[in-house]
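Undergrad: can you look at this prediction? I've put the sequence above it.
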Amino acid sequence: MWMLPGQNESWVSEFILLGFSRDPTTNRTLFVAFLLLYLSSVLGNGLIIILILLVTHLHTPMYFFLCVLSLIDVAYITTTVPQMLVHLLTRSQTITFAGCWLQMYMFGALGLTEGTFFVVMAYDRYVAICHPLRYTVILSWGLCTWLAAGTLACGFFFSLIHTFFTMRLPYCGPNVVNHYFCEGPSVRSLACMDTHLIEMVDLVIGVFLDVSPLSVIVASYVHIALAILKIKSIRGRCKAFSTCASHLTMVTFFYGPATYIYLRPNSSYSSERDKLISLFYNVFTALFNPVVYSLRNKDIKEAFLRVMGHGRVA
């Protein structure tokens with residue numbers, strides 16, 4: 001705690017992250033479990049990135065977007081899990097105010113970027129199925145680059161607004177955060193003033209970057225479904241649907257928990273429940289992305305076998 005000059009009111013200079021348990025034995029077990037999850041996520045996404053970079057026939061807009069998504073996932077899970085692993089093995093569970101600020105900002109930026117990037121991937125599927133003959137013309141490399149850069153800029157800009165308003169709130173004690181990282185709602189619940197204004201700001205950002213992208217994704221898949229129904233061949237329909245199934249799975253897995261956490265008032269905040277739910281869109285999404293896309297993707301599996309079996313890429 002530190003004192004503002006000339007004032008009698010103290011303000012927190014650090015937060016204590018409780019994590020999942022205070023029992024040393026349980027923490028050691030959790031350390032092993034989360035370490036395996038983290039390494040699996042990094043290795044799985046890293047493998048997809050390497051395969052897409054090495055195998056030339058994967059140099060298409062679809063796999064470019066998948067490569068960017070894997071990069072985002074690696075960065076996303078790295079903002080929270082390594083620190084959680086350190087806290088599981090040490091008695092110190094503190095994080096400085098500046099560290100909390102930075103973690104909240106990066107987590108929000110990458111989360112918003114990933115959520116918006118799912119819209120870009122939905123657009124890619126829409127063009128591929130509804131306008132297949134013009135696919136490479138519409139999705140030029142210049143447009144793909146701008147779409148990727150635009151989603152990144154959007155995520156980092158709106159996360160700055162959210163983090164600024166949250167961390168500008170007065171925190172005069174207590175400083176114990178019942179979470180494993182500095183997530184906005186969990187930290188905001190400690191503020192010693194009314195937080196309705198920041199809740200409204202979060203709601204506006206949430207509607208713009210959660211509900212709106214999800215609506216665009218749904219609209220895209222309505223057009224995709226109508227286009228698939230026009231395909232006469234059953235095999236053709238199955239092939240078209242299979243290219244969308246992986247994306248739909250991850251959209252559901254990401255947006256479901258995130259919408260619940262960020263589009264509700266502080267009055268319904270439950271720390272124990274929310275920190276478990278946050279694992280889905282933070283840890284498990286990054287873990288399942290490479291699994292879902294590789295298991296359902298023939299090109300990825302063939303590229304892996306080619307690189308591992310023959311040592312040649314083409």
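TA: Yep, that arrived. Numbering: from 1, shown residues only.
Undergrad: and the spatially closest residue to residue 53 that is not a sequence neighbour, which helix or strand is it part of?
TA: Of all residues not flanking residue 53 in the chain, residue 67 sits nearest, at 7.2 Å (C-beta to C-beta, 6 or more residues apart in numbering). Where you see a C-beta, it was placed from the backbone N, CA and C, and this is true even at glycine. Applying DSSP states H and E as the criterion places residue 67 in helix 61-78.
Undergrad: in the helix or strand just after that helix, what counts as buried?
TA: Next helix or strand after helix 61-78 toward the C-terminus (DSSP H and E): helix 81-89. Buried positions in helix 81-89, judged by neighbour count with 16 or more other C-beta atoms under 10 Å: 81, 83-85, 87-88.
Undergrad: the strands in the stretch 101-250 of the chain, which residues?
TA: Ranges of strands in the stretch 101-250 of the chain, per DSSP state E, counting those that start in this stretch, are 176-177.
Undergrad: sec struct for residue 15, please.
TA: State at residue 15, reduced to three classes by DSSP: H, G, I helix; E, B strand; the rest coil: strand.
Undergrad: ok, now which ones touch it?
TA: If you count contacts by C-beta atoms under 8 Å, 6 or more residues apart in numbering, residue 15 has them with 94-95, 97, 100, 175-177, 182, 187, 190.
Undergrad: separation between it and residue 84?
TA: 14 Å (C-beta to C-beta, to the nearest Å).
Undergrad: got the end-to-end distance for stretch 203-210?
TA: End-to-end distance for stretch 203-210, by C-alpha to C-alpha, to the nearest Å: 10 Å.
Undergrad: likewise for stretch 15-22?
TA: First residue to last in stretch 15-22 (C-alpha to C-alpha) measures 16 Å.
Undergrad: could you tell me how far it lies from the centre of the chain?
TA: The chain centroid and the centroid of stretch 15-22 are separated by 22 Å, computed with C-alpha atoms, centre = their mean, to the nearest Å.
Undergrad: average pLDDT across it?
TA: Stretch 15-22 carries an average pLDDT of 86.
Undergrad: same check, this time on stretch 277-289
TA: Stretch 277-289 comes out at a mean pLDDT of 85.
Undergrad: with stretch 28-35 instead?
TA: On average, stretch 28-35 scores 93.
Undergrad: try stretch 169-183
TA: Rounded mean pLDDT across stretch 169-183 is 85.
Undergrad: any chance you could give me it in PDB, C-alpha atoms only?
TA: Coordinates of each C-alpha in stretch 169-183 appear next as PDB, following Å, rounded to 0.1, in the frame of the first residue of the first chain:
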ATOM      1  CA  LEU A 169     -10.500   3.300 -10.600                       C
ATOM      2  CA  PRO A 170      -9.500   3.900  -7.000                       C
ATOM      3  CA  TYR A 171      -8.200   0.800  -5.300                       C
ATOM      4  CA  CYS A 172      -7.800   1.500  -1.600                       C
ATOM      5  CA  GLY A 173      -8.000  -2.000  -0.300                       C
ATOM      6  CA  PRO A 174      -8.400  -5.000  -0.100                       C
ATOM      7  CA  ASN A 175      -6.000  -6.000  -2.800                       C
ATOM      8  CA  VAL A 176      -6.700  -9.800  -3.000                       C
ATOM      9  CA  VAL A 177      -7.900 -10.900  -6.400                       C
ATOM     10  CA  ASN A 178      -9.600 -14.300  -6.400                       C
ATOM     11  CA  HIS A 179      -8.300 -15.200  -9.800                       C
ATOM     12  CA  TYR A 180      -5.200 -16.700 -11.400                       C
ATOM     13  CA  PHE A 181      -4.500 -13.500 -13.400                       C
ATOM     14  CA  CYS A 182      -5.600  -9.900 -13.600                       C
ATOM     15  CA  GLU A 183      -8.900 -10.100 -15.500                       C
END
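Undergrad: may I see the buried residues of that stretch?
TA: For stretch 169-183, the neighbour count (16+ other C-beta under 10 Å) marks 169, 171, 175, 177-183 as buried.
Undergrad: figure out how far that stretch is from the centre of its chain.
TA: 22 Å.
Undergrad: for stretch 245-260, same thing?
TA: The answer for stretch 245-260 is 10 Å, by C-alpha atoms, centre = their mean.
Undergrad: in TSV: the buried residues of helix 81-89, plus pLDDT.
TA: Listed next are the buried residues of helix 81-89 as TSV, based on pLDDT from 0 to 100:
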residue	pLDDT
81	93
83	93
84	92
85	93
87	91
88	90
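Undergrad: dump those to TSV, plus distance to residue 121.
TA: Shown next, in TSV, are these (distance: C-beta to C-beta, whole Å):
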residue	distance to residue 121
81	24
83	29
84	28
85	30
87	34
88	34
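Undergrad: out of the residues you listed, the closest to residue 308 would be?
TA: Compare each of these with residue 308 using C-beta to C-beta and the shortest gap goes to residue 81, at 27.6 Å.
Undergrad: report the contact partners of that closest one.
TA: Residue 81 makes contacts with 34, 37-38, 283, as judged by C-beta under 8 Å, 6+ apart.
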